[in-house]
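J.: Fold the following for me, if possible:
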Amino acid sequence: MALPNCPADASPVQLARGVRAWVESPPLRALVARFGGGWPTGDLTAVLAGLDDFSARHWDFRGGRERPEAREPTLDPATAALVLTTAEALGLVRPVRPAHPRYAHLVVLGGLAHACLRRVAYAAHLLRHGLAVDGEVAVLGSFRPLSEVERDVLAGAGITADTEVDALDAAVRAVLGVAAPDDEDGHDAGHPHHSWSARTYRSAGLPPVRVLAAPSSEPERRRAHTADTQRFWAGHVRLSPGDALLMVTAPIYVPFQHCDALRTLAVPYGCAIDTVGVDPALPDLVRLPEPSLTPGRYLQEIRSAIRAMRALHEVLG
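T.: The predicted model follows:
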């Protein structure tokens, strides 16, 4: 199933049509039925609300915790197979190439420690194999503390880091072969949810690379999330209507992070958005760690996609 498409001139009606096509697709309907759910009645707003509620009861294995702390459900083989088939149909499994050879900006989304390494490496691969970027490469993260497991992953790659942005910054330095940023700014508010930082690196033959740690938009409740990092970056770069942005993440997160980018960047700024996942088969990436992707992980991120599409639909009016 295609995700909501976002050329620069996409109207709210077009985006809403794309949301409806993905949400009401036969694969998602079959998955809901497999878990004993009836399809929500009413308009698209009601369907999204119903699916959000259903997925909270059946597919939320995090319970407010970070992704590595999510439990893995016990599923019978037929159900597990259906989950994987559905995830592939909904765009959470197979990586795709960027749709265009040139973009205004390339945006690398942060994540768990292994993801920070893999996504920065993939962005470098794209640039070295012909992708043109007129503006900058933005590497977006936060001051989220790393878990012991994440620190161990980085240690295996020869990296010492305490936070997500530390991991992203170390990955950028390694890829560019640089020791220090050309420009640095930030604000230490004494708490990671309130603090921010920006470091810009320049390397011959490549666009400038800016590594950002964003503050949370709800610092009393939580750390910065994907939408926070995207909004924060938009406040640091001049976006113009028609700018084409390429977002880099992992395939499993493409649907939800694509919709977050539509909501936070395409709708308010008139940008065109393409979102791609790292291709794990590339030689540059084979040596980097990659976690196993289980049926429970896919169900969790199908729920994330539903929630992101609901949030996007709400701003479309």
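J.: all strands for the stretch 151-300 of the chain, in order.
T.: 183-187, 196-201, 209-213, 244-249, 272-277 (DSSP state E, counting those that start in this stretch).
J.: now for the ones you listed, which one comes closest to residue 80?
T.: Closest of the strands of the stretch 151-300 of the chain to residue 80 is strand 272-277, at 21.5 Å (criterion: Cβ to Cβ). All C-beta atoms are positioned from the backbone trio N, CA, C, and that covers glycine.
J.: Quick check: can you name the pairing partners of the closest one and their directions?
T.: Next to strand 272-277 in the sheet, as set by DSSP bridges, lie strand 244-249 (parallel).
J.: And for the partner strand, what's in contact with it?
T.: Applying Cβ atoms under 8 Å, 6 or more residues apart in numbering, the set of residues contacting strand 244-249 from outside is 8, 98, 100, 102-109, 111, 115, 119, 122-123, 126, 131, 257-258, 261, 265, 271-278.
J.: of those, buried ones?
T.: 98, 103-109, 111, 115, 119, 122-123, 126, 131, 257-258, 261, 265, 271-278 (16 or more other Cβ atoms under 10 Å).
J.: Quick check, residue 274 in contact with residue 99.
T.: Yes - if you go by Cβ atoms under 8 Å, residue 274 and residue 99 touch, sitting 5.1 Å apart.
J.: So which bits of stretch 32-44 are buried?
T.: By 16+ other Cβ under 10 Å, the buried positions in stretch 32-44 come out as 32, 35, 37, 40, 44.
J.: now, among the residues you listed, which is nearest to residue 12?
T.: Closest to residue 12, out of all of these and judged by Cβ to Cβ, is residue 44, at 12.2 Å.
J.: quick one: contacts for that closest one?
T.: Shown in contact with residue 44 (Cβ under 8 Å, 6+ apart): 16, 19-20, 23, 313.
J.: Between all of the residues you listed, which two are separated the most?
T.: For the contacts of residue 44, the farthest-apart pair by Cβ to Cβ is 16 and 23; their separation is 10.4 Å.
J.: who's more crowded, the two?
T.: Just comparing residue 16 and residue 23: by other Cβ atoms under 10 Å the higher neighbour count belongs to residue 23, 22 against 18.
J.: host element of the residue nearest to that one when sequence neighbours are not counted?
T.: Nearest residue to residue 23, sequence neighbours excluded (Cβ to Cβ, 6 or more residues apart in numbering): residue 309, at 6.0 Å. Using DSSP states H and E, the element containing residue 309 is helix 295-316.
J.: Can you pull out the low-pLDDT segments for the protein?
T.: 6, 8, 284-291 (pLDDT under 70).
J.: pretty sure residue 90 contacts residue 25?
T.: Yes - with contact defined as Cβ under 8 Å, residue 90 counts as touching residue 25 (7.2 Å).
J.: Residue 109 against residue 228, yeah?
T.: No - if you go by Cβ under 8 Å, residue 109 and residue 228 don't touch, sitting 11.6 Å apart.
J.: the helices in the stretch 151-300 of the chain, which residues?
T.: 164-176, 226-234, 254-261, 267-269, 283-286, 295-316 (DSSP state H, counting those that start in this stretch).
J.: JSON lines for those, including distance to residue 83?
T.: Formatted as JSON lines, the helices of the stretch 151-300 of the chain follow (distance: least, Cβ to Cβ, whole Å):
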{"stretch": "helix 164-176", "distance to residue 83": "28"}
{"stretch": "helix 226-234", "distance to residue 83": "23"}
{"stretch": "helix 254-261", "distance to residue 83": "15"}
{"stretch": "helix 267-269", "distance to residue 83": "31"}
{"stretch": "helix 283-286", "distance to residue 83": "25"}
{"stretch": "helix 295-316", "distance to residue 83": "4"}
